[in-house]
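Peer 1: only geometry, no sequence info:
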């Protein structure tokens, strides 16, 4: 897998302090649209390797980060750059929508 899992305890170090843009997929195992998004995000993590890091955060296991960033429904995908949120997508809208979000950070 090219995407990486991230937890609440690692969030600051791996996402907020990253030298490059990080796209975080807030998801859960029971979420149907999250399962649709997964192969698309895997494909994009290969296509944008070296330009953006794509990480997955399980909201059931890591409620602090989900709460801190006001994730109310999943999947929610947030792009962070320089420790700040620079873009957000709620729901699964397909590959093009993810690419548009990634391009805000590169």
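Peer 2: Arrived safely. Because the structure is predicted, anything quoted here is derived from the model rather than measured.
Peer 1: from here on, contacts and neighbour counts on C-alpha atoms
Peer 2: Will do.
Peer 1: And the strands in the protein?
Peer 2: Using DSSP state E, the strands of the chain run over 4-5, 22-27, 53-58, 76-81, 84-90.
Peer 1: would a markdown table of those with distance to residue 16, mean pLDDT and mean neighbour count be doable?
Peer 2: Below are these laid out as a markdown table (distance: least, C-alpha to C-alpha, whole Å; pLDDT from 0 to 100; neighbours: other C-alpha atoms under 10 Å):
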| stretch | distance to residue 16 | mean pLDDT | mean neighbour count |
| --- | --- | --- | --- |
| strand 4-5 | 15 | 94 | 14 |
| strand 22-27 | 8 | 98 | 25 |
| strand 53-58 | 12 | 97 | 22 |
| strand 76-81 | 7 | 98 | 24 |
| strand 84-90 | 7 | 97 | 16 |
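Peer 1: Dump the ones you listed to JSON lines, plus distance to residue 103.
Peer 2: Formatted as JSON lines, the strands of the chain follow (distance: least, C-alpha to C-alpha, whole Å):
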{"stretch": "strand 4-5", "distance to residue 103": "20"}
{"stretch": "strand 22-27", "distance to residue 103": "11"}
{"stretch": "strand 53-58", "distance to residue 103": "12"}
{"stretch": "strand 76-81", "distance to residue 103": "10"}
{"stretch": "strand 84-90", "distance to residue 103": "10"}
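Peer 1: mind checking which of the ones you listed is nearest residue 70?
Peer 2: strand 76-81 (9.8 Å; C-alpha to C-alpha).
Peer 1: That closest one vs strand 22-27, what angle?
Peer 2: Interaxial angle, strand 76-81 versus strand 22-27 (axes from the mean of the first three to the mean of the last three C-alpha atoms, to 10 degrees): 160 degrees.
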